[in-house]
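Colleague: When you get a sec, could you give me coordinates for this:
(2 chains)
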Number of protein chains: 2
Amino acid sequence: MNIAVIGIGAWGTALARLLDQPQHQITLWSHDPRLVESIQNTGRNDDYLPGIDLPPALRFTSDICQATQNAHLIIAAVASQYFRATMAALHQYNGIVVSVTKGIEHESGLPMSGVLRQTMPRASIAALSGPTLAMEVARGVPTAIVAASSDPTTATTVQQVFHRAEFRVYTSSDILGVELGGALKNVIAVAAGVCDGLGFGDNSKAALVTRGLAEMRRLGVACGAQPETFSGLSGLGDLTVTCFSRLSRNRGFGERLGRGETADQIVTSMKSVAEGVPTSRSAQQLARRHQVAAPVIDEVFALVHQKKNVRDAVRDVLSRDSKPED
Amino acid sequence: MNIAVIGIGAWGTALARLLDQPQHQITLWSHDPRLVESIQNTGRNDDYLPGIDLPPALRFTSDICQATQNAHLIIAAVASQYFRATMAALHQYNGIVVSVTKGIEHESGLPMSGVLRQTMPRASIAALSGPTLAMEVARGVPTAIVAASSDPTTATTVQQVFHRAEFRVYTSSDILGVELGGALKNVIAVAAGVCDGLGFGDNSKAALVTRGLAEMRRLGVACGAQPETFSGLSGLGDLTVTCFSRLSRNRGFGERLGRGETADQIVTSMKSVAEGVPTSRSAQQLARRHQVAAPVIDEVFALVHQKKNVRDAVRDVLSRDSKPED
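Modeller: The predicted structure follows:
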């Protein structure tokens, strides 16, 4: 099978490495010719997946037409803010496209599959999402993930392409729920990081994860997703790994906020985007549009985009009335 | 209010400390007069809550009648295997008794409230459960918990007694679900520890937490609990803190199993019980009785009680067929 990976970040690279087998021809594309050249010279993607050797059969290019011609399957692994513009170049493609990007487009409120539906109307669309730190997948530790598509045949094909003993792929028909889980969890993870930065400990974080997942589910259901999807790998699973792992960028972003840095300072210093930053804006907008109460998302939005003081945000969350759990 | 705390482990001690206020008279009981004397001499419970000063107003005794005479509220904080025998001494009590012990009695399959219903038939029964590492509560970090009772007035009274700005108490009428969440999560936490001991990383643990919570919910619903309770603080919340925190005894037990020690060796070396050890037996029995599939609980039971090899257990879990997520 000819496979094209659009975007050579940590995750695109780790997935290409996972798929490397004699029966596949895999080409990775980046907009940045210097990155392509560096990887071709070193056999590694040290900017994004340091210390991991890449299989010699992988090909690299900065020509998107060359990457995708004759592709049977395209993996869309571009950061959400460049997603629409990049994928629009592949308007004519009619094979399978799998989004592995977690985000919600601002203004449109669409997850990446919604953007693909507009930019690649002839393609069969799937999303792959779950608790999958790229570095751990690159190291081969056991991992489980969900392949979602509204078309069962597409979901099953994606499952078959990716499934390994140490990389277990489950299927789902609720692509919207799977994508919203993966996107919204990054916002909750920023709040979890704030708890860490303030030295609050694991009780606080567990409470936040619980209330945060309820908030994700409430908002997701208002958007049309299935409630039970948020209890699965792409909801609860991804939320827990992102809130508790030292390796999570979004949790790390929140931790620095909690220690007193400003959002602008942190954004400027980071090599790659913490998706929770743009997603807090689009999620807050989405909650308002659907009139869903989203106190954690609201506070993260205010912290990141409105310069709200961290201690004020925590006080506002803790001073809410006690009530039955719902 | 006169409050008696039965059991001076880490959790009973931390709760007594939390409740210390001028309007309460709090007496703690231990079966062990040496522990009582040591605490009276040092003003600390260094065996279970090291480094934490206890308020001078707390009283300690090894006479259970003295501890509970005139009590308006009793906190039952005895390890599950001594729970029935200890609480049976208080057969005549007719005030509120709050279980804070997480476990399932072997043979009877009852959570602690069920044991209380038999041993203290005149009492109003509640359970308090959630993601609450005792040491963090003692340090005053923000914590949230659930007060559950089938009687709404009892739940609300318990909520009012315990609620603080930094210790938020929610209520629930599903006492069975709240207790089963708190008990079963310790079994999943042993499995999470095994992942850590084998060096598997956070992706594996997130997948285990997700599948484990589904298993807890399935078994709980078969026993008569409400499914949504397992998405709350006493289910998901407690599960995540126990699976991810360095402070969790049950996770730590599993980590040592994963590194190659035997269950017997670990049990012998631990000062206090890892509740996941007895609970894996009663949970496995409960699942069999209700004919519920419980693959994680089955593997933990086999590891802890049947000397199953760790790598065989992992292979058996990973070699299950790929399928839709449910």
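
Colleague: show me the residues around the residue in the stretch 51-200 of chain A that chain B sits nearest to that make contact.
Modeller: Closest residue of the stretch 51-200 of chain A to chain B, Cβ to the nearest Cβ: residue A:131 (3.3 Å). In short, each C-beta sits where N, CA and C put it, glycine included. Going by Cβ atoms under 8 Å, 6 or more residues apart in numbering or on different chains, residue A:131 touches A:143-145, A:233, A:237-238, A:240-242, B:202-203, B:206-207, B:210.

Colleague: Contacts made by stretch A:276-296 with the rest, please.
Modeller: A:80-81, A:102-107, A:109, A:183-184, A:186-191, A:208, A:211-212, A:215, A:218-219, A:222-223, A:250, A:253-254, A:263, A:267, A:297-298, A:300-301, A:304-305, A:317, A:320.

Colleague: let me redo that: stretch A:22-35
Modeller: Here stretch A:22-35 makes contact (Cβ under 8 Å, 6+ apart) with A:1-8, A:12-13, A:16, A:19-20, A:36, A:45, A:47, A:57-64, A:66-68, A:71, A:82, A:86.

Colleague: Residue A:15 against residue A:77, yeah?
Modeller: Yes - checked against Cβ atoms under 8 Å, the pair residue A:15 and residue A:77 is within contact range at 7.1 Å.

Colleague: any common contacting residues for these two?
Modeller: With Cβ under 8 Å, 6+ apart, residue A:15 and residue A:77 have common neighbours A:5, A:100.

Colleague: For residue A:281, the count of nearby residues, please.
Modeller: 18 (other Cβ atoms under 10 Å in any protein chain shown).

Colleague: now do the one 10 residues further on
Modeller: By the other Cβ under 10 Å criterion, the neighbourhood of residue A:291 contains 7 residues.

Colleague: Same check on residue A:277?
Modeller: When neighbours are counted by other Cβ under 10 Å, residue A:277 comes out with 22.

Colleague: any idea how far residue A:196 is from residue A:257?
Modeller: Distance, residue A:196 to residue A:257, using Cβ to Cβ, to the nearest Å: 10 Å.

Colleague: no wait, residue A:132
Modeller: 25 Å.

Colleague: what does residue A:193 give?
Modeller: 7 Å.

Colleague: Same question for residue A:174.
Modeller: Taking Cβ to Cβ, one finds residue A:174 at 32 Å from residue A:257.

Colleague: now residue A:124
Modeller: 40 Å.

Colleague: higher neighbour count, those two?
Modeller: residue A:257 (24 against 21).

Colleague: element containing the more buried one, please.
Modeller: Element membership of residue A:257, judged by DSSP states H and E, is helix A:249-258.

Colleague: quick check, distance from that helix to the centre of its chain.
Modeller: Remark: helix A:249-258 is offset 16 Å from the chain centroid, using Cα atoms, centre = their mean, to the nearest Å.

Colleague: who touches the helix or strand following that helix?
Modeller: Using DSSP H and E, the next helix or strand after helix A:249-258 towards the C-terminus is helix A:263-269. With contact meaning Cβ under 8 Å, 6+ apart, helix A:263-269 is reached by A:253, A:256-257, A:274, A:277, A:303-305, A:307.

Colleague: Cheers, nothing more for now.
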